[in-house]
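In: I'll drop the sequence and a predicted model, then ask my questions.
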Amino acid sequence: YAFLLAGYTACLVGLPAVAEPQGAFLQAIWRLLEIALGICCAGVVSVAILPQTTRGVLRRTLAQRLRDFLAMAHDGLLGRLEAERFAALSARFAADSVGFESLRSASVFEEPYLRRRSGRLAALGNRLMLLNTRFHALYQLLARLTERPPAVRQALAPALELIAVALAPSLGRLPEERDL
């Protein structure tokens, strides 16, 4: 990408310099100053006017993933989750896990706070992915049990409802930092 920008800059500076070769050096200096001023202005705007750190983005991403997973688990345990919707949600959670990991690895360069906690965040991301795969296995097992005589499913129903009731207070709200 840097070479692409260097090529554009060389063309922007070089083509006008053909008509007036004695001003090429000054034009190159002005172009350098314009780019440096643009970078400085963008930095000031992103820090002072529109601050958004990866810490906040990571926190929101984790909270949304946890909220959406709890809703999926609640509906799945109560038998209200269709197979197509479950497959779409599982695929989205897997994609979100990859996105979270790339954001976590990039955030190491932005904040020392996140650099120190990178290992914990990686472990948390892995545990959320593991939780998703385990729930996927449970969902598939419960789906297979519906094809069998209903005695086993009926025996499991009170335990599944108990877990769903425990998940119910967290539905529809983003977890706060103390919840995580």
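Out: Sure thing, it's come through.
In: in terms of contact, does Asp75 touch Leu81 like I think?
Out: Yes - distance between Asp75 and Leu81: 4.3 Å, which falls inside the contact criterion (CB atoms under 8 Å). Where C-beta positions appear, they are placed from N, C-alpha and C, glycine not excepted.
In: name the helices or strands packed onto the lengthiest helix in the chain?
Out: With secondary structure taken from DSSP state H, the chain has its longest helix at helix 118-145. Here helix 118-145 touches helix 54-77, helix 83-107, helix 150-167, going by 3 or more CB pairs under 8 Å, 6 or more residues apart in numbering; DSSP states H and E.
In: Give me the angle between it and helix 54-77.
Out: Taking axes from the mean of the first three to the mean of the last three CA atoms, to 10 degrees, helix 118-145 and helix 54-77 form an angle of 20 degrees between their directions.
In: Could you check how far helix 118-145 is from the centre of its chain?
Out: Between the mean C-alpha point of helix 118-145 and the mean C-alpha point of its chain there is a distance of 17 Å (CA atoms, centre = their mean, to the nearest Å).
In: Need the per-residue pLDDT for Ala164.
Out: The predicted structure scores Ala164 at 90 on the pLDDT scale.
In: That one contacts Leu77, correct?
Out: Yes - taking CB under 8 Å as the contact criterion, Ala164 and Leu77 are neighbours in contact, 4.4 Å apart.
In: who's more crowded, these two?
Out: Counted by other CB atoms under 10 Å, Ala164 and Leu77 do not tie: Leu77 has more neighbours, with 24 against 18.
In: from memory that one sits against Pro158, does it?
Out: No - distance between Leu77 and Pro158: 11.5 Å, which falls outside the contact criterion (CB under 8 Å).
In: Next, give phi and psi for Leu78.
Out: For Leu78, the backbone dihedrals (degrees, to the nearest 10) come out as phi -90, psi 0.
In: now it: how far from Thr146?
Out: Leu78 sits 13 Å away from Thr146, going by CB to CB, to the nearest Å.
In: Of the two, give the one with the bigger neighbour count.
Out: Neighbours of Leu78 and Thr146, each counted by other CB under 10 Å, are more numerous for Leu78; the result is 16 against 10.
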